[in-house]
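Enquirer: model this:
(one chain, ligands or ions: 3)
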Amino acid sequence: MSRRSAGELSRYLLEGHLSHRGCINGRRLSSRAAPLWPSLRHPYALRHLHTQPKPAATGVPQPAHVPLRKQLKEQAKQAKKQGKKKSKGDSQTVDGWELTVGIEIHAQLNTSRKLFSPATTSFNDEPNSHVALFDVAMPGSQPLFQKETLIPALRAALALNCEIQPVSRFDRKHYFWWDQPSGYQITQFYEPFAKKGHITLLARDGISAEDGESVTVGIKQVQLEQDTAKTLAQTGSVHWLDFNRVGVPLIEIITEPEMHHPRTAAVLVRKIQLLLNTVDSCVSGMETGGLRADVNVSVRRADDGSKTLGTRTEIKNLSTIKAVEDAIIAERDRQIRELEAGNVIAGETRGWTIGSKETRRLRGKEGEVDYRYMPDPDLPPLVIGNDLVQSLQQSLAVLPDTELDRLVMHYGLTPKDALSLITLDNGSRVQYFYRVLALLEGKLRADADLAELPDAASYSTLAANWILHELGRLTTYKAGPLASGDLSFTQLGECAQVPEEDLSQLLYHLHRKDITGKVAKELLIAVYLKELEGGILEAINANDLWFKEISKEEYNALAESAAEGEDKVLEEFADEQKYPQGKLMYLVGKMMRLGPTERIDPATAESAMRLWIERFHGRQ
Ligand SMILES: Nc1ncnc2c1ncn2[C@@H]1O[C@H](COP(=O)(O)OP(=O)(O)OP(=O)(O)O)[C@@H](O)[C@H]1O
Ligand SMILES: [Mg+2]
Ligand SMILES: [Mg+2]
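Expert: Ligands and ions are numbered 1, 2, ... in the order given. A predicted model of the protein is given here:
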């Protein structure tokens, strides 16, 4: 259940199980000795650079990032809206046409080194402070493959069910732009390290209803490649360059053209993001620019008997899941309009701006010839031993589908809560859940009052509910003392704002009904605001917050008082098959108001009210 650290697995590799012959005349260049590469601050400094549109756009300027949580919220809102609509109004299909989508995903690997230089990867440090000579194509420098970068890449390929190739090679893909100092990107074109994988998308993942219960999409290949420098546009025609990102290892995941509905394509991107995160291949997702998607779209008439797909256009650099769906819909509709008007579709690269309705042409689609692919003569083949592959396969983290099943079956969570837990905070929230649960379980086990451990679902759902909803509520305040920012979790699931020990102690007393939900919520806020002097127990004792529940007789008397003058409401329960929950809650609410609220347990009050109703109708 818990993750293995990258370091632990790296040690396996460093023991020499990866056959690596090094690079021709490879020279180790210390990252400390790397020169500070000056940013280009003046437009004239760019005079030797092409100003034609950039032909390949793996690392073009970053559009505004939308936090994952916001993306999920937006998606939920949209799904709700779409759920209410009749399928006719849904935009997943167009009568008479078939859509085909294939996706390329570029994801930054979770490594501390660049792909071909010993410079360390860094995204928040001073610009140009992590740059080796090779990264800026300094004459005389040569690539030196950093074998540790292979570990997260292999984990990703295994999670995508790929066949790992024992021998793969690196190629040069040429294009000229200021973010690529050597004039070519080193990638894997002819012989990638992983091929023939697949991923299964399920109805519960949110695929389009037209795809039924599940759809399996082939992964054509996964290849290793370099990222480009980051361009920071300034006013006028000035661009600043940060070479910290140049040479950072990426994987490109290429799917087969096997998706036929926009939402299913968006779900694929989200699921791959979750998968990469779960196996620690990538730590940053779309929300921080660590993962970007290019979508390839074509249409053909539904009655087209031939096996040939329509001409594809490619929309580059989509940075949110919603953008994937929206851009596909817009491009599909544009292509259909063109074809219906008797025009042909030109193979081209197009762009998409968040919030717009139309894709826009960027340039004609560059092909193999434009890129002048050639094997990189400075890099030997990459030879991957089967023992390494097997070890990584065995130590692979539990994949999201299996984890979701377990959260639902064993811990009793709803699929929706289970999915939220797994998805939030790049998978750290579910790790926090396990940490809290382990402590809570320990406390329940040590509880001398309990003859046996309660049903796992009873305390797991309580913990999940608090970790998702009550913790979530803490950070929704825009003003006041609670507006102290988002909760932050480490990758292993530690949370400094609400330490697991405090939350588990709080949940332990809540589960035992030692304290009320209201008191528990106040204690949580106090923990978050760091207002507690000692721990939870000390705070309960010091403020005498223990729940002093009223007696059974008092519950019954309260039920009777609440029912007084409510004959009309009570009649609604005449048919025992129909038990109007809203009316029942109305009566329970009345009980709470009539009695000493802080001494009443709503669940026990509900049972007392039910009993009273049954007696009223002569059924008990
Ligand atoms: N007719 C089609 N309709 C929709 N998608 C297609 C079609 N033909 C190919 N694709 C998809 O286009 C993508 C091609 O990606 P690939 O990386 O192989 O080539 P590329 O786009 O030319 O390269 P790059 O953009 O990396 O320079 C794949 O995801 C594939 O499934
Ligand atoms: Mg590609
Ligand atoms: Mg492409």
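Enquirer: what is the neighbour count of Arg245?
Expert: 25 (other Cβ atoms under 10 Å). All C-beta atoms are positioned from the backbone trio N, CA, C, and that covers glycine.
Enquirer: and the one 5 residues further on, by the same measure?
Expert: Residues contacting Leu250 under the criterion other Cβ under 10 Å number 28.
Enquirer: enumerate the residues of the stretch 101-250 of the chain near ligand 3.
Expert: Glu104 (Cβ under 5 Å from the ion).
Enquirer: then the chain?
Expert: So the chain meets ligand 3 at 104, 294, 314 (Cβ under 5 Å from the ion).
Enquirer: identify, from the residues you listed, the entry nearest to Glu403.
Expert: Glu104 (26.7 Å; Cβ to Cβ).
Enquirer: just checking, next helix/strand downstream of the helix or strand containing the closest one?
Expert: If you go by DSSP states H and E, Glu104 is part of strand 97-108. Going down the chain from strand 97-108, the next helix or strand is helix 150-159, by DSSP H and E.
Enquirer: other SSEs contacting that next one?
Expert: In terms of contacts (3 or more Cβ pairs under 8 Å, 6 or more residues apart in numbering; DSSP states H and E), helix 150-159 is packed against helix 6-12, strand 163-164, strand 194-202, strand 214-226, strand 249-255, helix 262-278, helix 386-394.
Enquirer: so what strands line up beside the second one?
Expert: Sheet partners assigned to strand 163-164 using DSSP bridges are listed as strand 194-202 (antiparallel).
Enquirer: distance from the partner strand to the middle of the chain?
Expert: Put simply, strand 194-202 sits 18 Å off its chain's centre (Cα atoms, centre = their mean, to the nearest Å).
Enquirer: repeat that for stretch 203-218.
Expert: 18 Å.
Enquirer: how about the CA coordinates for that stretch, as PDB?
Expert: Below are the C-alpha coordinates for stretch 203-218, written out as PDB (Å, rounded to 0.1, in the frame of the first residue of the first chain):
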ATOM      1  CA  ALA A 203     -17.600   3.600 -16.800                       C
ATOM      2  CA  ARG A 204     -16.800   4.700 -13.200                       C
ATOM      3  CA  ASP A 205     -13.800   6.700 -14.600                       C
ATOM      4  CA  GLY A 206     -16.400   8.800 -16.400                       C
ATOM      5  CA  ILE A 207     -16.100   7.700 -20.000                       C
ATOM      6  CA  SER A 208     -18.700   8.700 -22.500                       C
ATOM      7  CA  ALA A 209     -22.000   6.700 -22.000                       C
ATOM      8  CA  GLU A 210     -21.700   5.600 -25.700                       C
ATOM      9  CA  ASP A 211     -18.600   3.600 -24.700                       C
ATOM     10  CA  GLY A 212     -20.500   1.400 -22.300                       C
ATOM     11  CA  GLU A 213     -18.900  -0.300 -19.300                       C
ATOM     12  CA  SER A 214     -15.300  -0.100 -20.500                       C
ATOM     13  CA  VAL A 215     -13.000   0.700 -23.400                       C
ATOM     14  CA  THR A 216      -9.500  -0.500 -23.900                       C
ATOM     15  CA  VAL A 217      -7.100   1.800 -25.800                       C
ATOM     16  CA  GLY A 218      -3.800   0.600 -27.200                       C
END
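Enquirer: so what's the residue positioned nearest the centre of the chain up against?
Expert: Nearest to the geometric centre of the chain sits Leu274, at 4.4 Å (Cα atoms, centre = their mean). With contacts defined as Cβ atoms under 8 Å, 6 or more residues apart in numbering, the neighbours of Leu274 are 400, 422-423, 427.
Enquirer: okay, now the residue of the stretch 101-250 of the chain found nearest ligand 1: neighbour count?
Expert: The stretch 101-250 of the chain approaches ligand 1 most closely through Gly102 (2.1 Å), counting by Cβ to the nearest ligand atom. Residues contacting Gly102 under the criterion other Cβ under 10 Å number 22.
Enquirer: try Arg337
Expert: Arg337 has 10 nearby residues by other Cβ under 10 Å.
Enquirer: which SS class is it?
Expert: Using DSSP: H, G, I helix; E, B strand; the rest coil, the structure places Arg337 in helix.
Enquirer: tell me the contacts of the closest residue to Ser112 other than its chain neighbours?
Expert: In space, and not counting its chain neighbours, Ser112 is closest to Thr120: 5.6 Å by Cβ to Cβ, 6 or more residues apart in numbering. By Cβ under 8 Å, 6+ apart, Thr120 lies in contact with 31, 112-114, 130.
Enquirer: what bridges to His198?
Expert: Gly218.
Enquirer: please read off the pLDDT at it from the model.
Expert: Looking at His198, its pLDDT stands at 97.
Enquirer: so it sits against Ile219, correct?
Expert: Yes - contact criterion Cβ atoms under 8 Å: His198 and Ile219 qualify, at 5.9 Å.
Enquirer: returning to what we had before: Asp326: which of the contacts of Thr120 is nearest?
Expert: Nearest to Asp326, judged by Cβ to Cβ, of the contacts of Thr120 is Lys114 at 33.8 Å.
Enquirer: so who does the residue of the stretch 101-250 of the chain closest to ligand 1 touch?
Expert: By Cβ under 8 Å, 6+ apart, the residues touching Gly102 are 254-259, 295-296, 312.
Enquirer: on that earlier part again, most neighbours, which of the contacts of Thr120?
Expert: Highest neighbour count within those: Lys114, with 28 neighbours (other Cβ under 10 Å).
Enquirer: neighbours of the closest residue to that residue other than its chain neighbours, just the number please.
Expert: In this structure, Lys114 finds its nearest non-sequential neighbour in Gly247, 4.1 Å apart by Cβ to Cβ, 6+ apart. Other residues near Gly247 come to 31 when the count uses other Cβ under 10 Å.
Enquirer: list the contacts of Gly247.
Expert: Gly247 is in contact with 114-117, 119, 132, 134-135, 226-227, counting by Cβ under 8 Å, 6+ apart.
Enquirer: ranking these by neighbours, who comes first?
Expert: The most crowded member of the contacts of Gly247, judged by other Cβ under 10 Å, is Asp135 (30 neighbours).
Enquirer: quick check: residues of the stretch 301-450 of the chain near ligand 1?
Expert: 309-310, 312, 314 (Cβ under 6 Å from any ligand atom).
Enquirer: try 8 Å
Expert: When proximity is defined as Cβ under 8 Å from any ligand atom, the stretch 301-450 of the chain approaches ligand 1 at 309-312, 314, 316, 349, 365-368, 371.
Enquirer: one step back: report the angle between the strand holding Glu104 and helix 262-278.
Expert: For strand 97-108 against helix 262-278, the angle by axes from the mean of the first three to the mean of the last three Cα atoms, to 10 degrees is 20 degrees.
Enquirer: so Val408 makes contact with Lys416?
Expert: No - in this structure, Val408 is not within contact of Lys416 by Cβ under 8 Å, at 9.9 Å.
Enquirer: give me the more crowded residue out of these two.
Expert: Relative neighbour count places Val408 above the other of Val408 and Lys416, with 17 against 12, counting by other Cβ under 10 Å.
Enquirer: many thanks, have a good one.
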